[in-house]
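Student: Sequence below, structure please.
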Amino acid sequence: PYTATFLTFADYMRPPMRLAALMGLRVAYVFTHDSIGLGEDGPTHQPIEHLMSLRAVPNLTVIRPADATEAAESWRAALLNTTGPTVLVYSRQKLPVLDRSAYAPADGLQKGGYVLWENDASPEVILMGTGSETHVALEAGLKLAEEGIKARVVSLPSWELFDSQPEEYREGVLPRAVRARVAVEAGITLGWEHYTGLDGAVVGMRGFGASAPAPELYERFGITAGHVAEEARAQLAARKAPAGG
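Tutor: Below is the predicted model:
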C-alpha cells in the first residue's frame, strides 16, 4: 500500500506511521512539496522540521532523492524494504536530471549515500546534501574545484540506509580524516552534526519559511552554492589556522 500528500501534512499522519514502523508494515509514504521550494504557498505549507522528525522514528526509512534517476532508485529501495515502511520525499520544483556519465550512478542510493562527484580522490573538504540541495552542494563543489580546492560532493538521500552499511563503506564515503565538512538541506539543521561533526558547518533553516517564489527564498535563507562554498572555505581556513590562533 501507499499514500501520497504534502510533506507538511505528515504531522496529521504520525500515529499510524509510527504504528506501521512498530509493526514492520511494508507501506510507502509518498510526500511531495518537501521544502521552502514550494514557494508562494507560504510557511504553513513549507516543511521545516518534518524530515528530522521522521528520521527520528525507529524502523522508518526516509529517502529524499536528488533527481529523477534517484527517484526511480528510491522506489526500488522501497520495494526491497521488507522490514518496515519507507518514506519517499520529493520536491515540488523541477530539478535537473544529473548526467550520470559525468557523475556517479544513481544506484548508489541503495546504500543511502555515495560519492556523487569529486575532483580528487583525497579531498580536503566534503560537501553533502539531500534532495534538491544536492544540486546546491554540487554547484558549490564545482566552484571550489575552480579555485584549486580538492572537493568531494556526497549525495546522502537516506540516513537510515547509509548508517546500515558496513563501516568500511561509510569510511570510504566520509573518511574520518577529512574534518572540513559542510552539509546543506532546506530543512531544520538539527541532526546534521551526526555527519558533519560538532565542528562542521550546516547550511539550512533555523526558523519558519516565508511566502515568495522559491529562488527568492533560497537566496533569503542563504541556501545557495555561494554560501556553501563560503562555509567550505571557512572550514578549510579554520583547520589551517595555528592552534590557539
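
Student: What's the separation between residue 136 and residue 24?
Tutor: The spacing between residue 136 and residue 24, counted by CB to CB, to the nearest Å, is 35 Å. Quick note: C-beta positions are derived from backbone N, CA and C, even for glycine.

Student: Next: residue 17.
Tutor: Applying CB to CB, the value for residue 17 to residue 24 is 13 Å.

Student: likewise residue 219?
Tutor: Residue 219 is 43 Å from residue 24, by CB to CB.

Student: Tell me the strands beside the longest strand anywhere in the chain, with direction?
Tutor: When the chain is scanned for its longest strand (criterion: DSSP state E), the result is strand 181-188. Taking DSSP bridges as the criterion, strand 181-188 forms sheet pairs with strand 125-129 (parallel), strand 201-205 (parallel).

Student: And that strand, how far out from the chain middle?
Tutor: Between the centre of strand 181-188 and the centre of its chain there are 7 Å (CA atoms, centre = their mean, to the nearest Å).

Student: And for stretch 103-117?
Tutor: 12 Å.

Student: Restrict it to CA atoms and write it as CSV.
Tutor: Extracted C-alpha coordinates of stretch 103-117, given in CSV (Å, rounded to 0.1, in the frame of the first residue of the first chain):
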residue,chain,number,x,y,z
TYR,A,103,28.6,11.8,-12.1
ALA,A,104,28.3,8.6,-10.2
PRO,A,105,25.4,6.1,-11.0
ALA,A,106,22.2,6.7,-9.1
ASP,A,107,22.1,3.2,-7.8
GLY,A,108,24.4,4.4,-5.1
LEU,A,109,21.1,5.5,-3.4
GLN,A,110,20.6,1.9,-2.4
LYS,A,111,23.4,2.4,0.1
GLY,A,112,21.9,5.6,1.4
GLY,A,113,24.8,7.8,0.4
TYR,A,114,27.6,7.8,-2.1
VAL,A,115,30.3,9.9,-3.7
LEU,A,116,28.4,11.8,-6.4
TRP,A,117,31.5,13.7,-7.7
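
Student: which other residues reach it?
Tutor: 63, 65-67, 69-70, 72-74, 76-77, 80, 98, 100, 102, 128, 134, 138, 141, 152-165, 169, 173-174 (CB atoms under 8 Å, 6 or more residues apart in numbering).

Student: Quick check on those residues: which are buried?
Tutor: Restricting the contacts of stretch 103-117 to buried positions leaves 63, 65-67, 69-70, 73-74, 77, 98, 128, 134, 138, 141, 152-162, 165, 173-174, with burial counted as 16 or more other CB atoms under 10 Å.

Student: For residue 222, which non-adjacent residue is closest in space?
Tutor: Spatial nearest neighbour of residue 222, excluding adjacent residues (CB to CB, 6 or more residues apart in numbering): residue 203 at 6.5 Å.

Student: Give the bridge partners for the one you found, please.
Tutor: When assigned by DSSP bridges, residue 203 has beta-bridge partners residue 184.

Student: Check the protein and tell me which residue is nearest its centre.
Tutor: Nearest to the geometric centre of the chain sits residue 130, at 1.9 Å (CA atoms, centre = their mean).

Student: what sits against that one?
Tutor: Listed by CB under 8 Å, 6+ apart, the contact set of residue 130 reads 51, 64, 66, 155, 156, 157, 185.

Student: Please tell me how far it sits from residue 150.
Tutor: Taking CB to CB, one finds residue 130 at 23 Å from residue 150.

Student: got it, and residue 51?
Tutor: Residue 51 is 30 Å from residue 150, by CB to CB.

Student: ok, the two, which is more surrounded?
Tutor: A count of neighbours by other CB atoms under 10 Å puts residue 51 above the other of residue 51 and residue 150, at 28 against 16.
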